[in-house]
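Chemist: Next comes the sequence, and after it the predicted model I'd like to discuss.
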Amino acid sequence: MKIYINGTYYERHEAKVSVFDHGFLYGDGIFEGIRVYEGCVFKLDEHLKRLEYSAKAIMLDLPWTRAEISEAVCESCRQNGVTDGYIRLIVTRGAGALGLSPKSCSDPQMIIIADQIELYPPEIYQKGLKVITSATRRNSPAALPPMVKSLNYLNNIMAKIEAGNLGYAEAIMLNNEGYVAECTGDNLFVLQGGKLFTPPVASGSLTGITREAVLEIAADLDVPVVESLLTRYDLWVAEEMFLTGSAAEIIGVIEVDHRKIGDGTPGPVTQRFLEAFRARVTQDGTML
Ligand code: PXG
């Protein structure tokens, strides 16, 4: 495996960043998790735009153009022979002095890993996923906006651990007001009365690229979508529910907090969206 760090490719065991990198010391950095399908880097431009927004939010000046980053991502896939897989693009603040101030960090590091990811076993896509609400609330947008895809994922990891301790693979996270925000690594949708509902990003979630793709598919399929505040009750009584994310893609949820969703199998609308999603992932992106 060849890993890209600031213009050079390193073998896996040689690919290292400084222990003084503020990405390591403080989680001071940003990332993207991107899928490549049949040589098509799915929505690469949208991922890079989100990376630029994350950088702007944390006041990290990216010393590379979007075209340069795009080419580095594609070249990393070519170097590793990855035509179907997962790309982890990371930008750290770079090495600096001990102390929170990023002022001493003058050399941000861009790291690209082109590899594989399997989040859930394949049978879960047929059977569906059972989830639980975590007591760990999603970061408040007034503290660390969840729209920033930062290297600081402890909030989500705490909820993931909590779910795991209870025997669940994924957790619903609420915002500080108690409304549904998202899952630890996915956005969520519910179906009720022929309409899809999803929490607005402002209620405390990442602006998911897969979420955006689902909004586009909904327009194609003439399924109305409402972005509105959702409570746990809205999930419990949903006719269908699914999660969206670059890693998870579209995955049906069949149980929330011990309440069965629909008939306890991934619903027909969920299946239609998954099929439509699989059809578009090889088309909507940047070819290697
Ligand atoms: N919310 C959060 C908190 C996420 O981390 C999503 C929603 C879905 O966004 P996208 O843009 O992927 O549709 C994410 C994305 C991993 C991994 O390594 C996690 C994500 C994506 C890719 C890989 O666990 N989370």
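Modeler: Looks like it came in fine.

Chemist: quick one: stretch 162-175 to chain centroid distance?
Modeler: 16 Å (Cα atoms, centre = their mean, to the nearest Å).

Chemist: Now do the buried residues in it.
Modeler: By neighbour count on 16 or more other Cβ atoms under 10 Å, the buried set for stretch 162-175 is 162-163, 168-175. For glycine as for every other residue, the C-beta is placed from the backbone atoms N, C-alpha and C.

Chemist: which secondary element of this protein has the worst mean pLDDT?
Modeler: Least confident element among the helices and strands of the chain, by mean pLDDT, DSSP states H and E: helix 123-127 (a mean of 90).

Chemist: Show me what counts as buried in it.
Modeler: 124-125.

Chemist: and the next helix or strand after it, which strands flank it?
Modeler: Per DSSP states H and E, the first helix or strand lying C-terminal to helix 123-127 is strand 129-133. Sheet pairing for strand 129-133, assigned by DSSP bridges, gives strand 170-174 (parallel), strand 249-256 (parallel).

Chemist: Would you mind giving these as CSV with distance to the ligand and mean pLDDT added?
Modeler: Shown next, in CSV, are these (distance: least, Cβ to the nearest ligand atom, whole Å; pLDDT from 0 to 100):
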stretch, distance to the ligand, mean pLDDT
strand 170-174, 8, 98
strand 249-256, 9, 97
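
Chemist: Output the below-cut-off pLDDT ranges for the stretch 1-150 of the chain.
Modeler: Within the stretch 1-150 of the chain, not a single segment meets pLDDT under 70.

Chemist: cutoff 90 now
Modeler: 117-125 (pLDDT under 90).

Chemist: Can you list the neighbours in contact with the least confident helix or strand of the chain?
Modeler: Residues from elsewhere that reach helix 123-127, judged by Cβ atoms under 8 Å, 6 or more residues apart in numbering: 169, 251-252, 254, 265-266, 274.

Chemist: Distance to Gln283 added to those residues, as CSV?
Modeler: Output for these, formatted as CSV (distance: Cβ to Cβ, whole Å):
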residue, distance to Gln283
Ala169, 30
Ile251, 21
Gly252, 23
Ile254, 30
Thr265, 29
Pro266, 24
Leu274, 16
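
Chemist: Closest one to Leu25 out of those residues, please.
Modeler: Minimum distance to Leu25 across the contacts of helix 123-127 is 30.6 Å, recorded for Ala169 (Cβ to Cβ).

Chemist: Return the residues of this structure in contact with the ligand.
Modeler: 33, 156, 182, 185-187, 205-206, 208-211, 244-247 (Cβ under 6 Å from any ligand atom).

Chemist: Give me the buried entries from these.
Modeler: So, by 16+ other Cβ under 10 Å, the buried ones in those are 33, 156, 182, 185-187, 205-206, 208-211, 244-246.

Chemist: Nearest residue to Ile251 in space, please, no chain neighbours.
Modeler: With Cβ to Cβ, 6 or more residues apart in numbering as the criterion, Ile251 has its nearest non-adjacent residue at 5.1 Å, and that residue is Leu243.
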